[in-house]
Each structure stands twice: as structure tokens, then as C-alpha cells.
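Visitor: sharing a model that was predicted from the sequence below.
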Amino acid sequence: MQKTLIALGLAAALTSFQAQAADVTLYGLVDYGLSLQHRTPVQGESDTTFKMNSGMNSGSRFGMKGTEDLGNGMKVGFVLENGFSADSGAMGQDGRIFGREASLTLSGDFGQVSFGRLGPVVGDNGTYALFGAAVSPFSCGWGDVGGHLQVTALGYEFIDNTINYRTPNFGGFDVTAQYSLGTDAKNYGEGVEGKTTVERMGAIAARYRAAGLMVVAGVETINWAQPAAGDTKLDDAMSLNLAGTYDFGVMKLYAYGQYFQDYQKAAKTTTFSVASGVDGFGINLGADVPAFGGTVKMGVGYGDFEGSRDSDLSMDTIQATLGFTYKLSPTTYMYTAGNFIKANYSDKYEAAHPDAAERICEYIVGMVHKF
């Protein structure tokens, strides 16, 4: 009798849990690939590497998300998403358990307001990012060489302590505003959240979508932590971003341009960095073409950068990628790409960085499975 009562109690508890968890979804993505890369530095011998990588097409992740209907048109939802390296099992995002996103959202007729660790609006990852795969056929990167980050400033991948608001859709328009009280809690040191002693950022972006057209414009500002920024004469950063896509059915075209001032770094792989800041601009164009049972992807980019306080430190770079994706099932696809970068540096920058990459060629092949 006692065992029966225990069994009934457990069944009731499980039934209650299932009812409460009915709107909770577990999901994830695993990306494995191989990379063959040839790198030629400004000085010294060229080097060729062959390795297995995780996330060369899409970052490997595991997460859970859920919603609850509060009534009167309002809902509350959450996302807890972990990033990891599939080839080693190591946690990503500096060891955070939910490094890709940890958010709580309240939504209704007023729009959506979210709190937590999020991807930046003027960025490539997360629920509210508007300048990733939506504006580039290779998003923030296929392998080390593909993607528009090769020709733009390097901002944030994800940001802590963020307040985010997105308006409802008005005739195809929506606006997203974002502010972080402290972008990276792991590196505050003696700084205090919400004070000038930690990095803070703000962004706003407006988007228009109609039929096959999408246009998005965004501004991002970064308040660098003091007194460190003052010691290197680094001013607060700003970027202006404009992108658009049009889907013709037989082809989808992409265009993305950015102008920026006073970032710490630019260009993902041939990284250009000056302590007192980097100014510059980048342009990225691309296309998707359905072919051979999959999608052929093409992209080309150009970037021009110089020191914010020393124009004799400079780099211009051109980057091109040709790729292909092929679906094996609704949840599994193969990808492959050939990538090329050529960077030209000023004499002064070369003298200070003799190991800077002048030319990089890379070939990648891999598989993504979503669940």
C-alpha cells in the first residue's frame, strides 16, 4: 500500500512537472569541420595548418527556452543558451555556462522588453542581432577567413547586463534599442557596473521588411572603461551601419556597409589594432543562388582602416569567399567554402607587427546537425 501511494505521488509530481514544462523546448546545434589554411606573414616563412574545428559555419550550442501566457495578450519567456566547442567539449564564451544568451522577456502589444546577457543589435548572434546572417551570406564567418567581420570593426560577440526593447511591427517597420550597464562582468576588475570604470554600450537599429526586401540601419556606441581608455587616449567608439537584402527567388543579394571611429580592433583574422583607437570603413557584398540541389554562396569585402590618432598606421584588405551548402535532411546539412584574404599594411605598421598576416587562403568542409 505504501509503495502504491509513493508511486502515485511520483506520477502526480511528474504530471505536474510536464504540465508546467509544456512550453519549454530543449534545442541545440553541433558543427564539426576540417580546415586547411595557408598563411603568409609580412616577414618570415609561410605556414600551413590542418585541423578539426567546431563552429566554422554555426557556433555549436545547447539551450532551453520557454514561454508562459500571462493573459491579456502578455507573455513571459526565457532563453538559456550554452556555447561550447564540439571538438573538445570545452565551454565557450570565457567559460560561462549560458554564454550565448541568458535572458528573460516580457512581450505584449507594447512590444518586447528583455533583460540579461544578449547578442548585440549591431552584431551577429542572438535573439536581437540584426547584422549577421540577415545581411551577409557568410554572416560573421565561415572558418577563419569568410564573413563580413574581416572588413568591419570588431565589437562584441555577446554583452552582459543588457536591457533591450523592440517595438511592435508597424507596416513592416520595427525599432530595437539596447543598453548594457557593463559589457563583460568577468573583466570588471575594480570597476563597478553602471559606472565609467567599466565598458558600457548602447545601440539602436531600425528595420524595414516587405516581400523580398529587407533594409536595416543601426548605430552603436561604446563607452570604454576609465581610466584605462584615458591613459591610451582612446575616445568613446561609434559605428554607423547600413545593410539590405533582396530575394529575387532565383537569387538573393546582400549588401552591408559600416563606418566607424575609435574601436580597439578591426578585421577578424588579419586583425588591425592600435591602442589609441582605429577608424575606418568596410563594404561587404554577397549572393545566394540555389543550384546543384543546394545553395551556392558568394561574398566579397573591402576594408580600409587607420589609427585614430596616427594615420601612418594603416591597413586595407580585400576578402573573397565562395561556398556551398547541401541539405541531407531538414535538420542536417553539409557545407564547404574556399576563402581568401589579402592585406596591405603601412610601413610603420609592418615594422611594429612583422608577424601580421599578409595573405591567407583557407579551405573548409563540415557538417551541421540541429536538434
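Guide: Everything's here; your move.
Visitor: residues in contact with the residue nearest to G323 when sequence neighbours are not counted?
Guide: Among residues not flanking G323 along the chain, A337 sits closest, at 3.4 Å (CB to CB, 6 or more residues apart in numbering). For glycine as for every other residue, the C-beta is placed from the backbone atoms N, C-alpha and C. The neighbours of A337, taking CB atoms under 8 Å, 6 or more residues apart in numbering as the test, are F138, W142, G143, G146, K297, T321, L322, G323, F324, Y363, I364.
Visitor: from the residues you listed, which single one is nearest L80?
Guide: For these, the residue nearest L80 by CB to CB is W142; the value is 26.9 Å.
Visitor: circling back to that earlier point, local confidence estimate at the residue nearest to G323?
Guide: A337 is assigned 96 on the pLDDT scale.
Visitor: hey, what's it bridged with?
Guide: A337 has these beta-bridge partners by DSSP bridges: G323, I364.
Visitor: so how far is V215 from it?
Guide: Taking CB to CB, to the nearest Å as the measure, A337 falls 27 Å from V215.
Visitor: now stretch 79-90: mean pLDDT?
Guide: Mean per-residue pLDDT for stretch 79-90: 94.
Visitor: can you give me the end-to-end distance of it?
Guide: 21 Å (CA to CA, to the nearest Å).
Visitor: gap between that stretch and the chain center?
Guide: On the basis of CA atoms, centre = their mean, to the nearest Å, stretch 79-90 sits 15 Å off its chain's mean C-alpha point.
Visitor: can you pull the buried residues of stretch 155-172?
Guide: G155, Y156, E157, F158, I159, D160, N161, T162, N164, Y165, R166 (16 or more other CB atoms under 10 Å).
Visitor: am I right that the fifth one is in contact with G116?
Guide: By that I understand I159. No. At 9.8 Å, I159 does not count as touching G116 under the criterion of CB atoms under 8 Å.
Visitor: mind putting the buried residues of stretch 155-172 into CSV with secondary structure?
Guide: Output for these, formatted as CSV (DSSP: H, G, I helix; E, B strand; the rest coil):
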residue, secondary structure
G155, coil
Y156, coil
E157, coil
F158, coil
I159, strand
D160, strand
N161, strand
T162, strand
N164, strand
Y165, strand
R166, strand
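Visitor: what's the most distant pair in those residues?
Guide: E157 and Y165 (21.2 Å).
Visitor: nearest to S85, of the contacts of A337?
Guide: Checking the contacts of A337 against S85 with CB to CB, the nearest one is G143 at 14.7 Å.
Visitor: give the contact list for the closest one.
Guide: Residues counted as contacts of G143 (CB under 8 Å, 6+ apart) are G33, S35, Q37, N53, M56, A337, N339, E362, I364.
Visitor: before we move on, back to that, most neighbours out of the contacts of A337, which is it?
Guide: Greatest neighbour count in these, by other CB atoms under 10 Å, goes to G146: 33 neighbours.
Visitor: how close does that one get to K75?
Guide: In terms of CB to CB, G146 sits 37 Å off from K75.
Visitor: what of F50?
Guide: F50 is 48 Å from K75, by CB to CB.
Visitor: tell me which of these two has more neighbours.
Guide: Comparing F50 with K75 by neighbour count (other CB under 10 Å), the higher total belongs to K75, at 15 against 9.
Visitor: in the strand or helix carrying the more buried one, what counts as buried?
Guide: Taking DSSP states H and E as the criterion, K75 maps to strand 74-83. Neighbour counts over strand 74-83 (16+ other CB under 10 Å) mark G77, F78, V79, L80, E81, N82, G83 as buried.
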